[in-house]
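Q: Below is the sequence, then the predicted model.
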Amino acid sequence: MKRLPNLVITSGDPAGIGLDLCVMLAFKKFPANITIIGNRDAILLRAKQLKKDIKISTKLGSHLGNGELKIINLNYKNPVVSGKLDKSNSLSQLKGLKKSIELCLSNKFDALITLPIYKKILSTKKIKFTGHTEYIADNCGLKGNEVMLLSNKKINVALATTHISLKDVPNKISKKSLCDTISTLHNDLKRKFKIIDPKITVTGLNPHSGEDGEFGDEEIRIIRPAVRKMQELGISLNGPIPADTAFTPKIMRNTDCYLTMYHDQGLAPFKALTFGKGVNVTLGLPIIRTSVDHGTGLDIAGSNNVDPSRFFESIKLAITLVKNQYWKQKKNLVKTF
């Protein structure tokens, strides 16, 4: 890839640490053209609060880390106060997210990096906002087909279900949904991560993977048949394996990616093993999207106590994925079951 990757970043909820991270970005060099969608005045105010001198730039080209930021301005109704949520401002930032998706879909940008938003304040009586992953997929016309992946150099973990109550998980898992997820996971690991033959380890849902139906039969009725079906199509799968033994060194050495059945089953071991160095990636989309794997940090916004390492890792991975999409690997791509 000869030209620079063209990245767009949404600045997250203005009350949180997203603005702090944008300010820190001004002083970090990256081999990409980077544009932020956010409120220009709010970012400049946060920079002043952090005692940083930044400038707004309109120049295209590599992000030099020289204190300059390129910003597509969003209008906020109310002044931004660090750590204090404001529903109107949060909804304005949601409009910015929608705009960033549209810009990526129209190929104005190569990848989207999102900073944290506060889910509860974006929900209404009629519509529950469950998170970036589902919102982006919905706006790409792919609701229900997205796959949430947490990535680190040590380990990759994907989720069969995302932001739902634990009691709802068994009813959300079906043979078809698992086959669709495995297909998306396999294909994007090949295309976006350049893994020739991805080895995927699938965890069970129940303790001891149900122990032949003693503690639940989802493994017998759903998970095992889905694994067999996709193995027949040539995908390298192992499982279902009990989740409490799946993350041992021996299994990790022979696994490119895990597929876990629910949020904390996958994210608890992932975060314990990566020590907060993970990146959230949404697979199955027509666009590239990465994100930090932490929340809004309302209690530390504007404090100079924010660690930007996971944000910078999400930018690095986005750059890698953009470059990888020009790497063609047509063999053994599997159609959705």
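A: Right, received. Where do you want to start?

Q: got the residue ranges for the strands in the stretch 201-337 of the chain?
A: Ranges of strands in the stretch 201-337 of the chain, per DSSP state E, counting those that start in this stretch, are 236-241, 257-260, 279-283, 288-292.

Q: can you redo the ones you listed as CSV with mean neighbour count?
A: From N, CA and C alone the C-beta is placed, and that goes for glycine too. Formatted as CSV, the strands of the stretch 201-337 of the chain follow (neighbours: other CB atoms under 10 Å):
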stretch, mean neighbour count
strand 236-241, 20
strand 257-260, 26
strand 279-283, 25
strand 288-292, 26
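
Q: Please convert those strands to JSON lines, extending it with mean pLDDT and distance to residue 322.
A: Formatted as JSON lines, the strands of the stretch 201-337 of the chain follow (pLDDT from 0 to 100; distance: least, CB to CB, whole Å):
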{"stretch": "strand 236-241", "mean pLDDT": "96", "distance to residue 322": "26"}
{"stretch": "strand 257-260", "mean pLDDT": "98", "distance to residue 322": "20"}
{"stretch": "strand 279-283", "mean pLDDT": "95", "distance to residue 322": "12"}
{"stretch": "strand 288-292", "mean pLDDT": "95", "distance to residue 322": "6"}
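
Q: Residue 51 - how many residues pack around it?
A: Neighbours of residue 51 under the rule other CB atoms under 10 Å: 7.

Q: Can you tell me the element it falls in?
A: Residue 51 belongs to no helix or strand when assigned by DSSP states H and E.

Q: Which pLDDT does the model give the closest residue to it other than its chain neighbours?
A: Nearest non-adjacent residue to residue 51, counting by CB to CB, 6 or more residues apart in numbering: residue 304, 7.8 Å away. Listed pLDDT for residue 304 reads 91.

Q: Look up how far residue 242 lies from residue 304.
A: 44 Å (CB to CB, to the nearest Å).

Q: of these two, who's got more company?
A: Higher neighbour count among residue 304 and residue 242: residue 242, with 16 against 11, using other CB under 10 Å.

Q: got the phi/psi numbers for the more buried one?
A: Torsion angles at residue 242 (phi, psi; degrees, to the nearest 10) stand at phi -50, psi 130.

Q: wait, it sits on residue 205?
A: No: applying CB atoms under 8 Å, one finds residue 242 not in contact with residue 205, separated by 10.1 Å.

Q: I figured residue 28 hits residue 67, correct?
A: No: with contact defined as CB under 8 Å, residue 28 does not reach residue 67; the gap is 10.5 Å.

Q: quick one: buried residues of stretch 69-81?
A: When burial is assessed from 16 or more other CB atoms under 10 Å, stretch 69-81 yields the following buried residues: 69-71, 74, 76, 80.

Q: who's in contact with that stretch?
A: Outside stretch 69-81, the residues within contact range by CB atoms under 8 Å, 6 or more residues apart in numbering are 8, 14-15, 19, 22, 25-26, 33-40, 42-43, 45-46, 54-59, 86, 88-89, 92-93, 95-96, 99.

Q: so which strand or helix has residue 23?
A: If you go by DSSP H and E, residue 23 is part of helix 18-25.

Q: ok so, going back, which two of the buried residues of stretch 69-81 have the greatest separation?
A: Greatest spacing in the buried residues of stretch 69-81, by CB to CB: 70 and 80 (19.8 Å).

Q: Show me which helix runs longest in this protein.
A: Counting residues, the longest helix found in the chain (DSSP state H) is helix 87-105.

Q: Report all helices and strands that that one contacts.
A: Packing contacts for helix 87-105, counted by 3 or more CB pairs under 8 Å, 6 or more residues apart in numbering; DSSP states H and E, involve strand 6-10, strand 33-38, strand 111-114, helix 119-122, helix 132-139.

Q: list the buried ones in that helix?
A: Residues of helix 87-105 classed as buried by neighbour count (16+ other CB under 10 Å): 89-90, 92-94, 96-97, 100-101, 103-105.

Q: just stretch 292-309 next, same as before
A: Residues of stretch 292-309 classed as buried by neighbour count (16+ other CB under 10 Å): 292-294, 296-298, 300-302, 306, 308.

Q: same question, stretch 55-70
A: In stretch 55-70, counting by 16+ other CB under 10 Å, buried: 57, 63, 69-70.

Q: And it, end to end?
A: Using CA to CA, to the nearest Å, one end of stretch 55-70 lies 9 Å from the other.
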